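Colleague: with the sequence up front, the predicted model follows.
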Amino acid sequence: MRLRVEFTTEPFDLEEAPAHAVAAREVIQKAQLDAVDVGPFGNTAEGEAGEVLQAVSALLRDSLQAGATRVSLQVNVIREGVE
């Protein structure tokens, strides 16, 4: 099964990326995921279920430890042949 994860961390800082946002992005960029897209207001990645779930666990742990007060997260199953 393949999954797509979308996430943001708060609080926002428009001047520079906060430590919690950097921590979350580093987790996703280091994970064995496909279609990684990181941006200032949202991030997405896709991959096999086990890899995505492992990355989500690390993302939550690392971003909260780095000062996130909120993590918004959505995980969707990618159905083959459907976009």
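Modeller: That came through fine.

Colleague: show me where the protein has its helices.
Modeller: 19-30, 49-65 (DSSP state H).

Colleague: present those helices as JSON lines; the columns should include distance to Val5.
Modeller: Every residue, glycine included, has its C-beta placed from N, CA and C. Below are the helices of the chain laid out as JSON lines (distance: least, CB to CB, whole Å):
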{"stretch": "helix 19-30", "distance to Val5": "8"}
{"stretch": "helix 49-65", "distance to Val5": "5"}
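
Colleague: deepest in the core, which of the ones you listed is it.
Modeller: Highest mean neighbour count among these (mean count of other CB atoms under 10 Å): helix 19-30, with a mean of 19.

Colleague: for that one, packing partners?
Modeller: Under the contact criterion of 3 or more CB pairs under 8 Å, 6 or more residues apart in numbering; DSSP states H and E, helix 19-30 touches strand 2-10, strand 34-38, strand 43-48, helix 49-65.

Colleague: quick check: which of those is nearest to Ala23?
Modeller: Proximity to Ala23 (CB to CB) singles out helix 49-65 among these, at 4.2 Å.

Colleague: need the helices of the chain in TSV (columns: mean pLDDT and distance to Gln74).
Modeller: Formatted as TSV, the helices of the chain follow (pLDDT from 0 to 100; distance: least, CB to CB, whole Å):
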stretch	mean pLDDT	distance to Gln74
helix 19-30	92	14
helix 49-65	97	10
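
Colleague: for Pro40, which of these is the nearest?
Modeller: helix 19-30 (8.6 Å).

Colleague: angle of the closest one against strand 43-48?
Modeller: Here helix 19-30 runs at an angle of 30 degrees relative to strand 43-48 (axes from the mean of the first three to the mean of the last three CA atoms, to 10 degrees).

Colleague: check the offset of helix 19-30 from the chain's centre.
Modeller: 8 Å (CA atoms, centre = their mean, to the nearest Å).
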